[in-house]
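>>> Predicted model and sequence below, questions to follow.
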Amino acid sequence: MPSLAAERGWPVRADHCFQRILLDNAFGGVWYDFVARRPAYAHADDAALARAVALGEQALAGDMDLTELNRRSLAWRRARPS
């Protein structure tokens, strides 16, 4: 995904940013509120990881708006108590 970011006009470029966006949207909130340990890919349940991969595939296919997914992710993070 990072190699396509500039071409697609996506708001992020780094691997960990895509991970944040896809995992947050797979869980419906800040992913580390749902996964007890890090890294998420090693400790999240298979269903959540499958949802994250599906979102990434949809974004790559142009069927999902990655910018909107990023907005949701950032909104959940701003709303989260510190």
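Thanks, I have it.

>>> contacts and neighbour counts: CA atoms only from here.
Noted.

>>> What are the buried residues along the longest helix along the chain?
With DSSP state H setting the assignment, residue counts place helix 46-61 as the longest helix in the chain. Along helix 46-61, the positions that meet the burial threshold by neighbour count (16 or more other Cα atoms under 10 Å) are 48-49, 51-53, 55-56, 59-60.

>>> swap in stretch 24-41?
24-27, 29-32, 34-35, 40.

>>> Next secondary structure after the longest helix of the chain?
helix 66-79 (DSSP states H and E).

>>> How about residues contacting that following helix?
Among residues not part of helix 66-79, those counted as contacts by Cα atoms under 8 Å, 6 or more residues apart in numbering are 10-11, 20-22, 24-25, 29-30, 59.

>>> can you state the direction angle for it and helix 46-61?
Using axes from the mean of the first three to the mean of the last three Cα atoms, to 10 degrees, the interaxial angle of helix 66-79 with respect to helix 46-61 works out to 140 degrees.

>>> Okay, buried residues for helix 66-79 please.
With the criterion 16+ other Cα under 10 Å, helix 66-79 contains buried residues 66, 69-70, 72-74, 76.

>>> returning to that earlier point: make JSON lines out of the contacts of helix 66-79 and add secondary structure.
Output for those, formatted as JSON lines (DSSP: H, G, I helix; E, B strand; the rest coil):
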{"residue": "W10", "secondary structure": "coil"}
{"residue": "P11", "secondary structure": "coil"}
{"residue": "R20", "secondary structure": "helix"}
{"residue": "I21", "secondary structure": "helix"}
{"residue": "L22", "secondary structure": "helix"}
{"residue": "D24", "secondary structure": "helix"}
{"residue": "N25", "secondary structure": "helix"}
{"residue": "G29", "secondary structure": "coil"}
{"residue": "V30", "secondary structure": "coil"}
{"residue": "A59", "secondary structure": "helix"}
